[in-house]
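Chemist: no sequence on this one, just coordinates:
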């Protein structure tokens, strides 16, 4: 659905293109869409493999890998098999060589058995033994010599020497050899231990031949007593021929076999694949010989555990990987690596010979190499064939699909006239057929889509026209013309037109309402402005008046407070006046009492003063007496002095006393006159006092009267003062109440003042906002002006 | 029962009127919304069947005007129009249309709608 939509949409966009171009464009986009839908976002065409490559990548490994693995396994197996085979072959060769050697030796030693049953020889030995024991020269036995010669020729022996028990040769086939017992180390072991001995080989330069000599005892066949020994020499070449006859079928290129005398460390024979050589160097040299000696002594003389033997041999003199194994016939084989060769050693039973078969390591490594190369070549050839077959198969399988893909690409590029040739397998055949059908259907679909697209284009144009018309019709609304109306002609957008009409209608109604409202607001604001200003002014005045009142109230309040204070003071004063008056009355009472007592005291005093006058008179009488006495004393004194004068010098002292007494008398007279004067004045004054007393008493009486009258007056004053006091107190109380009230009034007035101030502010604010409203109303009015509604 | 039929096409007007009169309804005719409003103010009909797309004033515009006036707000209106998109029906319903008929409508459809609207 979306794809089709897109196609139609795009076809409209590309209406300017030619028909075939448009068609191609559509198809391209269709397939691009498909690709986007069905491919993962990161895959691109170039990074994707072709079917052929995919087939090759998938199938080739499944062919090549198993082939390679099988080949590798086969080669490996073959090589291992070959190596194993080589080892087994070596052991077999070894055994064969050992057996052949043993048989050859046995053949030589067997000659002695034949000799033991030769009566002539046995007798000859017995005789020779007795002869030599009695220090006689043993007699020769030409018949025996002849016999030995025949036997030696027949048995291909070079020399057979028979030696009697004391070491003298009594018969021989070729030449005589005497034995010097003491110088031969083996004599005892042969004669006493009955051992078989193989002498070291010797090379006869004259004949150019190497020989091996075997020594064995001869015993009496009946008594088995020791008769002597035989010493049989044989050409090693002959020996080799015998051994090689049986060995050459087995020995291989890689192998070398040597027969070695262990005790002497000498190689008797050396066998290779194509030659048998007498004597020669021991391959492996001294280390090999030592190892052989250890091995042999371990087996024959003092049997040891194989591991001990290995430990003795291994890692010495360059020997490594030493091992002892059993053959199928339970013979022990020592094997080790030395000088890059692998040696296998097997002792020849009942001799001190050992057979050594050796192979170089590289030969072992090379074993099976040829076979491996052959196998590899076969594997490579198989792989090449397999690849060829797979490539061919892949091509055959992918060819129809590749063709189909190419065609599909052409289609994707817009060529819808393409037709796929039907070929290949059932599946590709069906696929091709389906592809052709698909292309046909896409063609049909695109035709349909084109028709639909054209219809839509027409519809769109109609819609565009209708929209243009609608825009033109209602364009005026942008400039405020709300009388415009969209026509409902177009089927497509008449709903929208209706909606626009509804909106414009609503707008028009709103505009009308706004216009009306704003003009109403303006008018009423104009009317209200003055009254609001008045209101404000009034509020200001009211606030001022309130403030003034508040001030007056405050002043009044203060006055009241002062009055209260004064009243309080007055009350205090009245109080103290009252108390003072009370105290005055008290004093007045006291005064009256004092005056009364004064009256009696004055009376008493007057009496006493009268008596004082009388006493003064008596005093003046006494004074006159004293005056007389003084005169007479003075006269006496004058007489005394005269008398004293007469008495001369003795009376001089007395004269002085008389003079002093006269002076005293004179002073007394003077004093008495003074006293008389004082008394006179006292009398005068007493008379005056008495008179004054009498006057005073009269005045005291008057005073008493006056004081009592005053007391009565004071009581009246006290009463009035009491009343004044009461009045003052009530005034004071009244003023306190008044002060409280006045404080309350002040508070109230303050509140009123605050209210009135708030009201003033409010009314100012109201006035301000009224002004703002008026402005807004004016702006609104001018804004609404632009709408045309009628 | 007085039914006001409004349509700018005379043939349609005739057809619908015929359908209604044959069913015993009285018919008043108007050719656009403006005329219809005048007719309604003269004699208040019981139901209005109106076309949508008309010159001067369309059917839905008229319907809105009716809804603004309390006297006429309760007169049921049936729209009978060629417009048949879902959005048209939705808009018409929002404008207070009680039933929506798509032209050409059959007699039965019209009568059914009228009866339902008058219930």
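Modeler: Noted; the coordinates are in hand. Here the structure is a predicted model, which means the values were calculated and not measured. Numbers count the residues shown, from 1 in each chain, chains lettered A, B, ... in the order given.

Chemist: ok, whichever residue of chain A sits closest to chain B - contacts?
Modeler: Closest contact between chain A and chain B, by CB to the nearest CB, is at residue A:488 (3.9 Å). The way it works is simple: take the backbone N, C-alpha and C, and place the C-beta from them, glycine included. Counting by CB atoms under 8 Å, 6 or more residues apart in numbering or on different chains, residue A:488 touches A:494, A:497, A:498, B:52, B:53, B:54, B:55, B:58.

Chemist: Identify the spatial nearest neighbour of the last one, chain neighbours not counted.
Modeler: Nearest non-adjacent residue to residue B:58, counting by CB to CB, 6 or more residues apart in numbering or on different chains: residue A:488, 4.4 Å away.

Chemist: how about that neighbour, secondary structure?
Modeler: Under the three-state scheme (DSSP: H, G, I helix; E, B strand; the rest coil), residue A:488 adopts coil.

Chemist: can the host helix or strand of residue B:18 be found next to chain A?
Modeler: Using DSSP states H and E, the element containing residue B:18 is helix B:10-22. No - residues of helix B:10-22 contacting chain A under CB under 8 Å from any CB of the partner chain: none, with a closest distance of 14.9 Å.

Chemist: Which residue does chain B have closest to chain A?
Modeler: For chain B, the residue closest to chain A is residue B:53, as judged by CB to the nearest CB, at 3.9 Å.

Chemist: Isn't that residue up against residue A:492?
Modeler: No - applying CB atoms under 8 Å, one finds residue B:53 not in contact with residue A:492, separated by 11.1 Å.

Chemist: The helix holding residue B:18: which residues count as buried?
Modeler: B:12, B:13, B:15, B:16, B:17, B:19, B:20 (16 or more other CB atoms under 10 Å in any protein chain shown).

Chemist: What is the subsequent helix or strand relative to the helix or strand where residue A:123 lies?
Modeler: Using DSSP H and E, residue A:123 sits within helix A:119-133. Elements were assigned by DSSP H and E; along the chain past helix A:119-133, the next helix or strand is helix A:142-155.

Chemist: Centre of the chain to that next one, how far?
Modeler: Helix A:142-155 sits 109 Å away from the centroid of its parent chain (CA atoms, centre = their mean, to the nearest Å).

Chemist: Up against chain B, what does the stretch 1-150 of chain A have?
Modeler: Counting by CB under 8 Å from any CB, the stretch 1-150 of chain A has no residue next to chain B.

Chemist: Poorly predicted segments of the stretch 1-150 of chain A, please.
Modeler: For the stretch 1-150 of chain A, the stretches with pLDDT under 70 are A:1-24, A:26-27, A:30-31, A:34-47.

Chemist: Neighbour count: residue B:53 and residue A:492, which is higher?
Modeler: When residue B:53 and residue A:492 are compared for neighbours, residue B:53 comes out ahead with 21 against 17, by other CB atoms under 10 Å in any protein chain shown.

Chemist: quick revisit: could you say what helices and strands the helix holding residue B:18 packs with?
Modeler: With contacts defined as 3 or more CB pairs under 8 Å, 6 or more residues apart in numbering or on different chains; DSSP states H and E, helix B:10-22 has these neighbours: strand B:2-6, strand B:26-30, helix B:107-118.
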